[in-house]
Every structure is written in C-alpha cells, then in structure tokens.
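# here is a sequence with its predicted model. Questions after.
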Amino acid sequence: MAGRVGKLASSTDLEYETRMRLAIDGLAEGTYRTISAASKAQKVARQTLSDRVNGRHQFLLRQSRTSILLRKEL
C-alpha cells in the first residue's frame, strides 16, 4: 500500500484515518508548521488534509447496522 494517497489509501489502509487525525492534531499543536510537512510526515493526501483543516471536508464515521438498531430500540 506504500505510495497510495487519496481515495485509494483511505479505503484500503486501516490506519489512514488515524494518521490523518495525527496530522491535524500536529498542526494544531505546532508540531508541523505547514500542511505539506504534516501530510508528508504522516503519509496522507495533502489536499484532503488541507480540506479537513479548513473545514471543507469532514469524515463521517460509517455506522454499523448494529448501532442503528440499538438506537431504534432506545
């Protein structure tokens, strides 16, 4: 999976969202000075990281059928 970024990486790499979160947190804490530096260090897509930092793209957690059923029961 090395070298994959963007749509392919997010759908095939189980750790992609974790790395994306680390990049966003690192930018907020000052660990990374630029979006490019954070994306390279965490191996995530620069444009997606930029979009998320600037509020243009949000990750929606896919809910399992079980959690939907449990909510209906409550």
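Now that the structure is in, tell me what you want to look at.
# got the residue ranges for the helices in this protein?
7-12, 16-29, 35-42, 46-53, 65-73 (DSSP state H).
# pull the residues that contact the third one.
Put plainly, it is helix 35-42. 19-20, 22-24, 26-27, 31-32, 44-46, 49-50, 53 (C-beta atoms under 8 Å, 6 or more residues apart in numbering). C-beta here means a position set from N, CA and C on the backbone, and glycine is covered the same way.
# what two of these are the furthest from one another?
Of all pairs drawn from the contacts of helix 35-42, the greatest distance, 18.6 Å, lies between 31 and 45 (C-beta to C-beta).
# those two: which is more packed in?
residue 45 (20 against 13; other C-beta atoms under 10 Å).
# report the helix or strand with the lowest average pLDDT across this protein.
Taking mean pLDDT, DSSP states H and E as the measure, the chain has helix 65-73 as its least confident helix or strand, at a mean of 48.
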